[in-house]
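> model the structure of this input:
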Amino acid sequence: MYKQNHSIAIVDDHSLILQGLMSLLSRIPKYEVLATFTRGNDLLTFLEKEPIDIVLLDISLPDINGIDLCLEIKRIAPQVIILGLSNHTERSVILQLMQNGASGYLLKNIDIVELETCLDEAINKQMVFSNAVKEIIANPISSDLPLLPKLTKRETEILKLIASGKTSVQIGEELFLSPLTIETHRKRMMSKFKTKNMMSLIKIASDNKLI
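Okay, here's the model as predicted:
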């Protein structure tokens, strides 16, 4: 049976963006928005029960990073077409999303003509990028860094104390933790940030305002 409309789900934590996208897509008859979500985990629950053709995915969500969510979507619904739709312009973010299974990346300043073209190309199994994204990919800049891991509240607390010059024993006494636990946190943070020593980790965290 010929399927006239291609179904779309949108994930974005801003209701105004959702409303704007729904209004825009309502003017393209061959595409139909079946569901919108402000949280990534709600989309995953939906996908376990409902088939969908395309997911328009924002990067910044309240419960899960869009890059990680992309991987989960592909695990649950391997056939779904995922297009990043975000204001993030970092080349590293775009590439990481593609590595996790996305079929394209669009910036939110896209107009209706370009949006329809990108959707059509995606449905035809092509990799798609809005014109602004093509420029970003074609012109990498040296300051474009990969997404940094996030520090937990406890890790931030410990790293600040390490940066102030305190030893594992002193930190343990202050936080009512064993020195072994502090050492475990040290090793885990260095592994997470792929650094060989604490000085490098502290510099990265300080430069990026993580502490």
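> dump the residue contacts of S178.
Contacts here follow Cβ atoms under 8 Å, 6 or more residues apart in numbering; on that basis S178 touches G172. The way it works is simple: take the backbone N, C-alpha and C, and place the C-beta from them, glycine included.
> roughly how far does it sit from L97?
40 Å (Cβ to Cβ, to the nearest Å).
> could you do R186 as well?
When Cβ to Cβ is the yardstick, R186 and L97 sit 31 Å from each other.
> quick one, which of these two is more surrounded?
More crowded of R186 and L97, by other Cβ atoms under 10 Å: L97, with 26 against 19.
> what about the more buried one, which SS state?
Put simply, L97 is helix when judged by DSSP: H, G, I helix; E, B strand; the rest coil.
> is it in contact with Y105, as I believe?
Yes: with contact taken as Cβ atoms under 8 Å, L97 and Y105 are classed as touching, separated by 6.2 Å.
> what sits in contact with each of the two?
G84.
> which residue, other than its chain neighbours, is closest to I112?
Ranked by Cβ to Cβ, 6 or more residues apart in numbering and with sequence neighbours excluded, the top spatial neighbour of I112 is L24, at 5.5 Å.
> and the one you found, how many neighbours?
Using other Cβ under 10 Å, the number of residues around L24 comes to 16.
> likewise the one 10 residues further on?
Using other Cβ under 10 Å, L34 is surrounded by 16 other residues.
> phi and psi next, for M127.
When read as degrees, to the nearest 10, the backbone of M127 gives phi -80, psi 130.
> any idea how far L97 is from it?
Counting by Cβ to Cβ, the separation of M127 from L97 is 12 Å.
> try S26
Taken as Cβ to Cβ, the spacing of S26 relative to L97 amounts to 26 Å.
> over to L201?
L201 sits 26 Å away from L97, taking Cβ to Cβ as the criterion.
> next one: I158
In this structure, I158 lies at 31 Å from L97, with Cβ to Cβ as the measure.
> which of the residues in stretch 117-130 are buried?
Across stretch 117-130, burial judged by 16 or more other Cβ atoms under 10 Å covers 118-119, 122-123, 128-130.
> which SSE is immediately downstream of the top helix by length along the chain?
Longest helix in the chain by number of residues (criterion: DSSP state H): helix 179-193. The C-terminal neighbour of helix 179-193 among helices and strands, as given by DSSP states H and E, is helix 198-207.
> hang on, the earlier thing: which other residues reach the longest helix of the chain?
Here helix 179-193 makes contact (Cβ under 8 Å, 6+ apart) with 148-149, 151, 154-155, 158-159, 162, 168-169, 171-172, 175, 196-198, 200-201, 204-205.
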